[in-house]
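K.L.:
Next comes the sequence, and after it the predicted model I'd like to discuss.
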Amino acid sequence: MVEVPKGVPEHLWSSVIELLDTDIAPFLPYLPGRLEILYEDPGEGRMGITRFKMDHNELERRRRFRMGPGEVVILLHPELIDDPALRDHTLVHELLHASGLLAHDSLHSDLAEKIAPAPTLKNSVVLQRMRQRVLESLPERTWLCGNCGHAWERRRVTRPTRCPKCARPFSPASK
Ligand SMILES: [Zn+2]
Ligand SMILES: [Zn+2]
């Protein structure tokens, strides 16, 4: 029986251990029992964050010697509770950091995409809400194309017939 860290769905954990080995993810074997997952706002508009108790140099040293990273906490934004697909994607992103893939390189993003792909706008209430906030923050005098997302300044009162970027018949994004 594989030990699964508390708060991590079993299917995600099995994909993580299937795709990672201790060469690329030396902290992986240490995570069960030492990893805590909390639903708390990580701040700065982020959806998730991984916190180690050790500083970066100490972590690098422990990576080299295949030692454990000590206690690790992953914070996930409480909004993610309503959005399983984005929750899984964010959680896997952070689990990879916690396992020892500290950098945002292509290995990190390829693995995250493979284990739990980022949802499309259509499939994610949180991404839709984020987009809505962007729309609401745009100045009033802006047209926003509902097709390609291009925004441009309103110079005339009449609605443009075509989007200057994608040239599709103009339908404004809903506000
Ligand atoms: Zn990250
Ligand atoms: Zn357009």
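P.N.:
Okay, I see it. The structure displayed is predicted, hence computed values, not measured ones. Ligands and ions are numbered 1, 2, ... in the order given.

K.L.:
buried sites along the longest helix anywhere in the chain?
P.N.:
Ranked by number of residues, the top helix in the chain under DSSP state H is helix 84-98. Within helix 84-98, the residues that count as buried by 16 or more other Cβ atoms under 10 Å are 85-98. In this view, the C-beta of every residue, glycine as well, is placed from N, C-alpha and C.

K.L.:
could you say what helices and strands the next helix or strand after it packs with?
P.N.:
The first helix or strand that comes after helix 84-98 along the chain, using DSSP states H and E, is helix 106-115. Judged by 3 or more Cβ pairs under 8 Å, 6 or more residues apart in numbering; DSSP states H and E, helix 106-115 is in contact with helix 10-19, helix 84-98.

K.L.:
hang on, the earlier thing: could the buried residues of helix 84-98 be laid out in TSV, adding distance to ligand 2 and pLDDT?
P.N.:
Shown next, in TSV, are those (distance: Cβ to the ion, whole Å; pLDDT from 0 to 100):
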residue	distance to ligand 2	pLDDT
85	27	95
86	26	96
87	31	97
88	31	97
89	27	97
90	29	97
91	34	98
92	33	98
93	30	97
94	35	98
95	37	97
96	35	97
97	36	96
98	40	97
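
K.L.:
can you redo those as TSV with distance to residue 41?
P.N.:
TSV is the format used below for these (distance: Cβ to Cβ, whole Å):
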residue	distance to residue 41
85	20
86	15
87	14
88	19
89	18
90	13
91	15
92	20
93	17
94	14
95	19
96	21
97	18
98	19
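
K.L.:
which one of these is nearest residue 136?
P.N.:
Distance to residue 136 across the buried residues of helix 84-98 (Cβ to Cβ) is lowest for residue 86, with 20.2 Å.

K.L.:
Much appreciated, bye for now.
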